[in-house]
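> Next come a sequence and a model predicted from it.
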Amino acid sequence: MQFSIREARQKLSHLLKAVEQGEEVEITRRGRVVARLTRPESPEKEQTARAAERRALRAQLPAARTSSVDLIREQRDERG
């Protein structure tokens, strides 16, 4: 379903009901899609997806040369 911004404002309750029933609603500005309304995924699916994103990010980071324990010890030693 596609609606212009003006139509979406006028029919927001109707659009939200459609989204709750599984419809995907696109909002357009001058004929171009600028937003998409969809039902949220279950919290478990979102958590799983976020965990996967974090693992992928960690895999891209270079390995630390010094452990965090050693860094903390060094900082404490510097303070005296």
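Arrived safely.
> Name the residues that touch stretch 23-41?
The contact list for stretch 23-41, computed with CB atoms under 8 Å, 6 or more residues apart in numbering, reads 1-5, 8, 15-16, 18-20, 22, 46, 49. No exception for glycine: its C-beta is placed from N, CA and C like everyone else's.
> Report pLDDT for the residue nearest the centre of the chain.
Residue closest to the mean C-alpha point of the chain, counted by CA atoms, centre = their mean, is residue 50 at 8.1 Å. At residue 50, the model reports a pLDDT of 90.
> what residues are up against it?
With CB under 8 Å, 6+ apart, residue 50 has no contacts at all.
> Most widely separated two among the contacts of stretch 23-41?
Farthest-apart pair in those is 4 and 49; separation 31.3 Å (CB to CB).
> starting at the chain centroid, how far to the longest helix along the chain?
Ranked by number of residues, the top helix in the chain under DSSP state H is helix 43-60. Chain-centre distance of helix 43-60: 11 Å, with CA atoms, centre = their mean, to the nearest Å.
> Then stretch 2-15?
For stretch 2-15, the distance to the chain centre is 24 Å (CA atoms, centre = their mean).
> Just the buried residues of that stretch, please?
Judged by neighbour count (16 or more other CB atoms under 10 Å), stretch 2-15 contains these buried residues: 3, 8, 15.
> what are the ranges of the helices in the protein?
5-10, 12-20, 43-60, 68-79.
> Tabulate the contacts of stretch 23-41 (TSV), appending distance to residue 29.
What follows is the contacts of stretch 23-41, written out as TSV (distance: CB to CB, whole Å):
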residue	distance to residue 29
1	16
2	11
3	11
4	7
5	6
8	10
15	16
16	19
18	20
19	19
20	24
22	25
46	28
49	29
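> So which of the residues you listed is the closest to residue 59?
Taking the contacts of stretch 23-41 together and measuring to residue 59 by CB to CB, the closest member is residue 49, at 15.8 Å.
> Look up how far residue 35 lies from that closest one.
For residue 49, the distance to residue 35 (CB to CB, to the nearest Å) stands at 21 Å.
> What of residue 25?
9 Å.
> out of the two, which sits in the more crowded spot?
residue 25 (18 against 12; other CB atoms under 10 Å).
> Which residue is the nearest non-sequential neighbour of that one?
residue 37 (4.2 Å; CB to CB, 6 or more residues apart in numbering).
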